[in-house]
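Enquirer: Next comes the sequence, and after it the predicted model I'd like to discuss.
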Amino acid sequence: MTDTEPLSERERAVLAMEQRSWPGPGAKERAIRERLGISPVRYYQLLNALLDDRRALEHDPVTVNRLRRVRDERRERR
């Protein structure tokens with residue numbers, strides 16, 4: 001993967017999952033398994049890597065910047 005390659009379908013799907021709101025506990029994790037075919041742990045690993053990927057920021061700046069703020073706030077509390 002290079003900085004010039006577009007985001008993969010899976011990477012775009014991960015970002016799209018973060019744009020949604022979820023009705024209750026477990027709904028998002030079920031959707032991750034059913035729609036993406038990966039475990040929630042793998043999903044969050046991919047998502048965290050995407051937050052540092054320039055291509056993801058260009059693709060969906062609102063979502064990526066929001067998630068970066070959340071991640072930074074959690075790190076500051078530690």
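Expert: The structure has been received and is ready for your questions.
Enquirer: what about residue 14, neighbour count?
Expert: Residues lying near residue 14 (other Cβ atoms under 10 Å) number 22. Where you see a C-beta, it was placed from the backbone N, CA and C, and this is true even at glycine.
Enquirer: got any ranges where the chain has weak pLDDT?
Expert: Along the chain, segments meeting pLDDT under 70 span 1-3.
Enquirer: Now the residue nearest the centre of it: closest residue in space that isn't a chain neighbour?
Expert: Central residue of the chain (Cα atoms, centre = their mean): residue 47, 3.4 Å from the mean position. Closest residue in space to residue 47, ignoring its immediate chain neighbours: residue 14 at 5.4 Å, by Cβ to Cβ, 6 or more residues apart in numbering.
Enquirer: Where do the helices of the chain begin and end?
Expert: 9-17, 27-31, 40-51, 54-59, 61-77 (DSSP state H).
Enquirer: ok, now which ones touch the residue nearest to the centre of the chain?
Expert: 14, 15, 18, 67 (Cβ atoms under 8 Å, 6 or more residues apart in numbering).
Enquirer: Surely the second one and residue 57 touch.
Expert: So that's residue 15. No: in this structure, residue 15 is not within contact of residue 57 by Cβ atoms under 8 Å, at 10.2 Å.
Enquirer: Output the contacts of residue 47 as a markdown table; include the columns distance to residue 61.
Expert: As requested, the contacts of residue 47 are exported to a markdown table (distance: Cβ to Cβ, whole Å):
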| residue | distance to residue 61 |
| --- | --- |
| 14 | 15 |
| 15 | 11 |
| 18 | 13 |
| 67 | 11 |
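Enquirer: Neighbour-wise, which one of those residues leads?
Expert: For these, the largest number of neighbours (other Cβ under 10 Å) sits with residue 14, at 22 neighbours.
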